[in-house]
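Student: Below is the sequence, then the predicted model.
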Amino acid sequence: MKAKSDGLAVKIRNRSARIGVIGLGYVGLPLAVEFAKRGFRVVGIDLDGRKVEMLNRGESYIPDIPTDEVRPLVRKGLLRATTHYEALRQLDGVMICVPTPLRKTRDPDISYIVKAAEALAKHLHRDQVITLESTTYPGTTREVILPMLQATGLKVGKDFFLGFSPERIDPGNQQYSTSTIPKVVSGITPACRRAVALLYGQVIERVVPVSSTDVAEMVKLLENTFRSVNIGLVNELALMCHRLGVDVWEVIEAAKSKPFGFMAFYPGPGLGGHCIPIDPLYLSWKAKILGFESRFIEMSSQLNGHMPEHVVERVAELLNQRGKALKGSRILVLGVAYKRDVSDTRESPAVEIIHHLRRRGAGVQYHDPYVPVFKTDGLSLRSVPLRPRVVRSADCVVIVTDHQATDNGLVVKHARLIFDTRNALRRVGSRRGKVVRL
C-alpha cells in the first residue's frame with residue numbers, strides 16, 4: 001500500500017478506520033463484533049429491520065454471540081446497525097457477508113452479492129478496502145464485483161482495494177472463534193491483497209495470503225466439497241452396512257484407530273446448514289459451464305439428499321416390525337436445527353423428514369430447545385416440552401439433532417422405540433426404550 005493508501009494503512013493500524021459489514025447473519029455479526037472489540041467503529045448494514053433494532057438495543061439474536069458481549073460495544077458507540085446503504089459513504093473498510101443460496105434449478109443465486117455491489121458502487125470512494133466473504137463460484141469477485149466498481153471511474157489497486165476472504169464460521173463451535181480460525185485472504189492486485197491482509201490482521205490471529213481471488217474462492221469450495229463427498233461416502237456405507245447387518249458406528253470407531261491415512265466421518269439424516277449442502281453445487285455449476293462433469297459432487301449430493309427419506313423408511317420398517325403402521329403413528333422428532341446447539345434450520349434434514357412423515361399419515365411433534373417455532377409444509381409448529389408424558393405418548397422418537405440440552409436419559413427411560421440418526425445415545429444405557437441406530 002503506497003502513496004494515497006498510506007493514509008488508509010495508518011488508519012487501519014491505529015484503529016481509526018471505520019468498518020462496515022453488509023449482512024448481519026451468522027457470519028456478519030460475529031465479524032462486526034470482533035472488529036468492535038478491537039476498538040474499531042463498526043456499522044452493520046442489514047435489510048432485516050428486526051435484526052437492526054435488536055442490535056441497536058444491544059441485544060444479540062445469534063447464540064454464539066452473547067448479548068452481554070454486544071451491549072457494551074453498542075453503549076460505547078463502537079457498534080451500531082442500519083438498514084440504509086448511505087452509511088457506506090463514511091466507511092474505510094467494507095465486508096460483504098450476504099447469503100448465496102441456490103435457485104430451484106440448483107443454479108447459484110448471487111443476487112444478494114449483486115445488490116450489495118450495486119450499493120457499494122453508488123457510494124464508493126478513494127482509499128476504501130472491500131472484501132467479499134460470501135461463498136461463491138471461482139471468478140465472482142473478478143468477473144461480477146470488479147466491473148461494477150471500476151465503472152465508477154476509480155481504479156482498483158490504486159483508488160480502492162478489492163479482495164475475497166472466505167468465511168469459515170462454524171456455529172456452535174466452542175473451540176474455534178472468528179479470531180482464532182486462520183483467515184485466507186486475497187486481492188485483485190498485490191496492493192489489494194496487502195490491504196486486505198492488513199485489515200483482517202488487526203482482528204485475526206493468522207492470515208493466509210493466496211495469489212488471487214479465484215484461488216481464495218476455490219479454497220472455500222474445496223473445504224466444503226471435501227466434507228460433502230466424504231459424508232456421502234459414509235452415508236452410502238451406512239446403507240450398505242444396514243443390508244449386511246453390520247454396525248457402521250463400530251466400523252468407523254475401529255477404523256479411527258489407524259494413526260494415518262484415515263479421517264473419521266459419520267453418517268446422519270442428511271446435510272444441513274447454508275454451506276455443505278449448497279457450496280459444492282456452486283462448483284459443480286461452474287464446472288458445467290466449462291464442459292466438465294463433476295461426478296463426485298453430483299453423486300454425493302444425491303446420496304446425502306436421499307438420507308431424510310431413508311430415515312422415514314427405516315422408521316416405517318421398525319414400526320411395522322412392532323405391528324404398527326406409519327400412518328396414524330405418533331412421532332416425536334428431537335432437534336430440527338441442522339446441527340447441535342444452534343437455532344439455524346436452513347437446509348435442515350428435519351424439514352424433509354417431517355414432510356415425508358406427515359405425507360405418509362404420521363402425526364408429528366418436535367422438541368428443540370433452540371427452535372421454539374418451526375415452519376414447514378405451510379404450517380407453523382411449536383416445540384413441545386420434553387417431559388415423560390410427551391415421550392411416552394410417541395410411538396417412535398426420532399433423534400435428528402443431538403442437542404446438549406436434550407435429556408437423553410429421559411428419552412431412553414420413557415420411549416417405546418428410538419431411532420437414533422446421530423449415534424447420540426452411544427453413551428446412554430437402554431433401560432426401557434429400544435434404541436435402533438441409523
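Tutor: Nice, thanks for sending it over. Numbers count the residues shown, from 1 in each chain.

Student: I'd like the distance from residue 179 to residue 134, if you could.
Tutor: From residue 179 over to residue 134 the distance is 20 Å, taken as CB to CB, to the nearest Å. Bear in mind the C-beta positions are built from the backbone N, C-alpha and C, glycine included.

Student: In terms of neighbours, single out the busier of the two.
Tutor: More crowded of residue 179 and residue 134, by other CB atoms under 10 Å: residue 134, with 25 against 15.

Student: Distance of the nearest residue to the more buried one once chain neighbours are set aside relative to residue 136?
Tutor: Ranked by CB to CB, 6 or more residues apart in numbering and with sequence neighbours excluded, the top spatial neighbour of residue 134 is residue 100, at 4.8 Å. From residue 100 over to residue 136 the distance is 5 Å, taken as CB to CB.

Student: Residues that sit against both of those two, list them.
Tutor: 108, 110, 113, 282 (CB atoms under 8 Å, 6 or more residues apart in numbering).

Student: how close does the first one get to residue 279?
Tutor: The reference is to residue 108. Distance, residue 108 to residue 279, using CB to CB: 10 Å.

Student: do the second one as well
Tutor: Taking CB to CB as the measure, residue 110 and residue 279 are separated by 13 Å.

Student: more neighbours, these two?
Tutor: Of the pair residue 110 and residue 279, residue 279 is the one with more neighbours under other CB under 10 Å, namely 27 against 21.

Student: Isn't the more buried one up against residue 218?
Tutor: No - using CB atoms under 8 Å, residue 279 is not in contact with residue 218, being 11.0 Å away.

Student: At which residues are the strands of the stretch 301-438 of the chain located?
Tutor: 330-334, 363-367, 373-376, 379-382, 396-399, 417-420, 434-437 (DSSP state E, counting those that start in this stretch).

Student: So for the second one, mean pLDDT?
Tutor: Spelled out, that is strand 363-367. Mean pLDDT, computed over strand 363-367, is 96.

Student: Neighbour count: residue 100 and residue 136, which is higher?
Tutor: Between residue 100 and residue 136, residue 136 has the larger neighbour count (other CB under 10 Å), namely 24 against 21.

Student: Spit out the contact partners of residue 325.
Tutor: Shown in contact with residue 325 (CB under 8 Å, 6+ apart): 316, 319, 361.

Student: Compare those residues and tell me which is most surrounded.
Tutor: Compared across the contacts of residue 325, residue 319 has the highest neighbour count, 22 neighbours, by other CB under 10 Å.

Student: Low-confidence regions, the protein specifically.
Tutor: The chain contains residues with pLDDT under 70 at 1-5, 427-433.

Student: From the centre of it, point out the most distant residue.
Tutor: Within the chain, the residue lying farthest from the chain centre (CA atoms, centre = their mean) is residue 323, at 40.3 Å.

Student: From residue 414, how far off is that residue?
Tutor: 21 Å.

Student: Next, the buried residues of stretch 271-278.
Tutor: By 16 or more other CB atoms under 10 Å, the buried positions in stretch 271-278 come out as 271, 272, 273, 274, 275, 276, 277, 278.

Student: before we move on, what about stretch 392-400?
Tutor: Of the residues in stretch 392-400, 394, 395, 396, 397, 398, 399, 400 count as buried by neighbour count, 16+ other CB under 10 Å.

Student: measure the last one to residue 272 for me?
Tutor: Between residue 400 and residue 272 the distance is 9 Å, computed by CB to CB.

Student: Which neighbours do the two have in common?
Tutor: When contacts are counted by CB under 8 Å, 6+ apart, residue 400 and residue 272 are jointly contacted by 348, 349, 350.

Student: can you give me the end-to-end distance of stretch 35-42?
Tutor: 7 Å (CA to CA, to the nearest Å).

Student: need the helices for the stretch 301-438 of the chain, in chain order.
Tutor: Per DSSP state H, counting those that start in this stretch, the stretch 301-438 of the chain carries helices over the ranges 349-359, 388-392, 408-414.

Student: no wait, the stretch 51-200 of the chain
Tutor: For the stretch 51-200 of the chain, the helices defined by DSSP H, counting those that start in this stretch occupy 67-75, 111-123, 140, 146-150, 190-201.

Student: Out of these, which one sits most buried?
Tutor: Most buried of these, by mean neighbour count (mean count of other CB atoms under 10 Å): helix 140, with a mean of 25.

Student: Noted, bye for now.
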